[in-house]
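Asker: Mind looking at a prediction? Sequence and model below.
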Amino acid sequence: MPRKSKNSSVVGRYNVAEKASTCALATDEALSLADTLAAIRGWHRKRCFLMEQRKRADLALGAFIRDQLGWRRDLPENERKAIAVAAQSLMNDPADHELADLVAASRMLNAPFEKIEKQAVKEMTRLAETLPAWSAFGVNVRGFGAASLAVIVAEAGDLSLYANPGKLWKRMGLAVMGDVRQGGLAKGASAEDWIAHGYNRQRRSRMWNIGDALIKGNRDGEYRTLYLARKEYEIARDPEMKPIKAHRRAQRYMEKRLLRNLWQAWRRAAAGLRTDVIVPAATLSGDEPERSAVSWLAPTPRLPSAPITASA
């Protein structure tokens, strides 16, 4: 039998599938934090695999339909785009088209994946709701569901093992290193530079999805307020900045504030202290540097830190 690691963030490859399958049967049994995180990660990996399988099937079907509609690489760009739009429309609603049987077959193939994926999200949500950080922080944030918390801990592990928010930002692909954001290195950057940045495109994409949902669902809450204020600040600082760039910078800034507050609530819960001592996310200073990792934090105890070695 493999040995269980003492590091609660190192769930890695240790019996994850077994934990994920047995956890659903042990709904009434109290799980340790390490077991809960391992089970969440197991379900998360299964869900990601299922999403990739559906994506592969959809991409293959789309490529075939475009080919049948006459798409060629040497066509003018406007014609290629028109064919791509027509292919997507056909995939969404095949009606009585001659390719309708292929679209229906593809949907039938994806149906089992979608069913298991929904089960995975349900289990991840249920497990995340048992975490102290959910009742201490997440439940009070409109637009931030337990499933979002589950994705973060599945990718990052035990948040109390991060010595400061900056390390958590880097794990989730949000850090600004020098004057370059993670993932923003020039094409000529060396392999050593990329390793130093520690950028994971899939992990960053998942955090972006969480931020996007927060912007849309937080309404007049503190995080959307922060996002709007930061976007105005970015545009005022550089009037020639394109709106999409200001949006992305503001969303990244908001995501970092969310992770910072979550990290603080998690560590205070782990230390058995009050969990409501959180700096309001809407607080914004025009000269507050985006890369600041520890400013404006309410006091938290110093907890032991350890390297995060769990694989993505």
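Answerer: Arrived safely, thanks for sending. Numbering: from 1, shown residues only.

Asker: Against which helices or strands is the strand or helix carrying Gln264 packed?
Answerer: With elements delineated by DSSP states H and E, Gln264 resides in helix 243-270, which encompasses its position. Here helix 243-270 is seen to pack against helix 132-136, helix 146-156, helix 165-171, helix 201-217, helix 222-237 when contacts are counted using 3 or more Cβ pairs under 8 Å, 6 or more residues apart in numbering; DSSP states H and E. Yep, even glycine has a C-beta here, placed from its N, CA and C like the rest.

Asker: I'd like to know which of those helices is closest to His44.
Answerer: Closest approach to His44 among these (Cβ to Cβ): helix 146-156, 3.5 Å.

Asker: Can you name the residues in contact with that closest one?
Answerer: If you take Cβ atoms under 8 Å, 6 or more residues apart in numbering as the criterion, helix 146-156 is touched by 9, 37, 40-41, 43-45, 121, 124-129, 131, 133-134, 138-139, 159, 162, 168, 171-172, 203, 206-207, 210, 213-214, 259, 262, 308, 312.

Asker: Kindly report the domain assignment for this structure.
Answerer: Following the assignment in automatic domain parsing, the chain carries domains at 13-130, 142-307.

Asker: what's the most buried one of these?
Answerer: domain 142-307 (a mean of 17; mean count of other Cβ atoms under 10 Å).

Asker: So for Ala270, which of the helices and strands packed on helix 243-270 sits nearest?
Answerer: Taking Cβ to Cβ as the measure, the helices and strands packed on helix 243-270 were each checked against Ala270, and helix 132-136 came out nearest at 7.4 Å.

Asker: And that closest one, how far out from the chain middle?
Answerer: Relative to the centre of its chain, helix 132-136 is centred 18 Å away, using Cα atoms, centre = their mean, to the nearest Å.

Asker: again, but for stretch 75-90
Answerer: Per Cα atoms, centre = their mean, the displacement of stretch 75-90 from the mean C-alpha position of its chain is 31 Å.

Asker: where in the stretch 201-312 of the chain is pLDDT low?
Answerer: Within the stretch 201-312 of the chain, the stretches falling below the threshold (pLDDT under 70) are 273-312.

Asker: switch to 80 and redo it
Answerer: Per-residue confidence for the stretch 201-312 of the chain (pLDDT under 80) gives these ranges: 271-312.

Asker: doesn't Leu262 make contact with Gly138?
Answerer: Yes: A contact is recorded between Gly138 and Leu262 when judged using Cβ atoms under 8 Å, the distance being 7.3 Å.

Asker: average model confidence for stretch 158-171?
Answerer: Looking at stretch 158-171 alone, the average pLDDT works out to 93.

Asker: can I get the CA coordinates of it in CSV?
Answerer: Taking C-alpha atoms only, stretch 158-171 is exported to CSV below (Å, rounded to 0.1, in the frame of the first residue of the first chain):
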residue,chain,number,x,y,z
ASP,A,158,-4.0,23.3,1.5
LEU,A,159,-3.9,27.1,1.4
SER,A,160,-2.4,27.3,4.9
LEU,A,161,0.9,25.9,3.4
TYR,A,162,1.4,29.1,1.3
ALA,A,163,3.5,31.5,3.3
ASN,A,164,1.9,34.6,1.7
PRO,A,165,-0.8,35.4,-0.9
GLY,A,166,1.9,36.0,-3.5
LYS,A,167,2.8,32.3,-3.6
LEU,A,168,-0.8,31.4,-4.1
TRP,A,169,-1.1,34.0,-6.9
LYS,A,170,1.9,32.3,-8.6
ARG,A,171,0.4,28.9,-8.2
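
Asker: So what's the gap between that stretch and the chain middle?
Answerer: With Cα atoms, centre = their mean as the basis, the mean position of stretch 158-171 lies at 15 Å from the chain mean.

Asker: repeat for stretch 56-71
Answerer: In this view, stretch 56-71 has its centroid 29 Å away from the chain centroid, taken as Cα atoms, centre = their mean.

Asker: any idea of the mean pLDDT for it?
Answerer: Looking at stretch 56-71 alone, the average pLDDT works out to 92.

Asker: With stretch 96-107 instead?
Answerer: Per-residue pLDDT values across stretch 96-107 average out to 89.

Asker: Other residues contacting that stretch?
Answerer: Ala57, Asp58, Leu61, Phe64, Ile65, Gln68, Leu90, Met91, Pro94.

Asker: Quick check: Ala186 vs Glu117, distance?
Answerer: Here Ala186 is placed at a distance of 37 Å from Glu117 (Cβ to Cβ, to the nearest Å).

Asker: now do Leu185
Answerer: Leu185 sits 33 Å away from Glu117, going by Cβ to Cβ.
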